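> sequence and predicted structure below; questions after.
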Amino acid sequence: MKLNSDLGESFGIWQLGQDDKLMPHIDMANIACGFHAGDAHVINQTLLLAKQYKTEVGAHPSYPDKLGFGRRSMLCSKQEIIELIHYQVAALDGMAKNQGINITYVKPHGALYNDMMSDDTVCDAIFEAISSYHSPLKLMLLATPKQQSYREKAKASGIELIFEAFSDRRYTESGYLMSRKDPQALLNKNEIIQQAKSLIDSGVVICDSGAKISIQADSLCVHGDNEQAINVIKELRRLCHN
């Protein structure tokens, strides 16, 4: 299973995450495109780091919400969502090509990601944005018990999906992530390793109620702003590549 992380989420003198500690151990870097975090310098430095470690690069677009770090939903039309994704992907794509890097996929960020999973209108807009981009891109989204419907939608749109699970976030019985507003949303070191092992070995996650949920994931996400996850990144890589 491939290990992915959301990176390049600093801005100006404001620093978030520890990209230099994560990049050597992950397979896929989801790089912020400037709408929730990231700027020209941060994007360029993150791309150079990915190139150094031969890490696959994907775009991590969001709603235009720097103040809220892209974690607030915005009322955007379908066309607006398509355009804001194209704008951000094209910016990262252009900078990546300047470094001899090709981006291969898109993973929406924060509220845009959550809305994609809960709102058919937003989901349709994102699928159309990916399918209408000038070069082929895959779409990364949450692996849930209902993912067959997304496979059918992707087939109709002519795009390929990457289903991800989360090593450091607690799940609810619905198969979705617990809100970050809940103090139990982030797992500790031992819980991260236990959840990763369960997802990799048996495709099962134990949710907040104790119930077991079966999901099929292609990639495992670890967050750079979670110090607990950084402390176990080497072990996570070993589990994913075992």
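Here it is on my side, so go on.

> C-alpha from now on. contacts and neighbour counts both.
OK.

> so where's this structure shaky on pLDDT?
In the predicted model, the chain carries pLDDT under 70 at residues 224-226.

> pull the longest helix from this protein.
Ordering each helix of the chain by length in residues (DSSP state H) puts helix 78-98 first.

> the residue nearest the centre of the chain: what's it in contact with?
Centroid-nearest residue in the chain, with CA atoms, centre = their mean: Lys107, separated by 4.7 Å. Listed by CA atoms under 8 Å, 6 or more residues apart in numbering, the contact partners of Lys107 are Asn30, Gly58, Ala59, His60, Pro61, Tyr113, Leu139, Met140, Leu141.

> and with 7 Å instead?
Taking CA atoms under 7 Å, 6 or more residues apart in numbering as the criterion, Lys107 is in contact with Asn30, Gly58, Ala59, His60, Pro61, Leu139, Met140, Leu141.

> which parts of this protein are helices?
Counting by DSSP H, the chain has helices at residues 19-22, 40-52, 78-98, 110-118, 120-131, 147-157, 189-202, 227-230, 233-241.

> could these be laid out in TSV, adding mean neighbour count?
Below are those laid out as TSV (neighbours: other CA atoms under 10 Å):
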stretch	mean neighbour count
helix 19-22	18
helix 40-52	19
helix 78-98	18
helix 110-118	20
helix 120-131	19
helix 147-157	14
helix 189-202	18
helix 227-230	20
helix 233-241	17
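
> and Arg72, which of the ones you listed is closest to it?
helix 110-118 (5.4 Å; CA to CA).

> Ser132 and Glu80, how far apart?
Going from Ser132 to Glu80 by CA to CA, to the nearest Å gives 14 Å.

> near Ile162, how many other residues are there?
Burial of Ile162 is recorded as 17 neighbouring residues (other CA atoms under 10 Å).

> nearest residue to it in space, please, no chain neighbours.
Met140 (4.5 Å; CA to CA, 6 or more residues apart in numbering).

> got the buried residues for stretch 177-188?
Residues of stretch 177-188 classed as buried: Leu177, Met178, Ala185, Leu186, Leu187, Asn188 (neighbour count, 16 or more other CA atoms under 10 Å).

> show me which of those residues is closest to Asp208.
Nearest to Asp208 among those is Met178, at 8.3 Å by CA to CA.

> how close does that closest one sit to Gln184?
Counting by CA to CA, the gap from Met178 to Gln184 is 8 Å.

> can you list the buried residues of stretch 177-188 in JSON lines and add distance to Gln52?
Listed next are these as JSON lines, based on distance: CA to CA, whole Å:
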{"residue": "Leu177", "distance to Gln52": "32"}
{"residue": "Met178", "distance to Gln52": "34"}
{"residue": "Ala185", "distance to Gln52": "33"}
{"residue": "Leu186", "distance to Gln52": "30"}
{"residue": "Leu187", "distance to Gln52": "30"}
{"residue": "Asn188", "distance to Gln52": "30"}
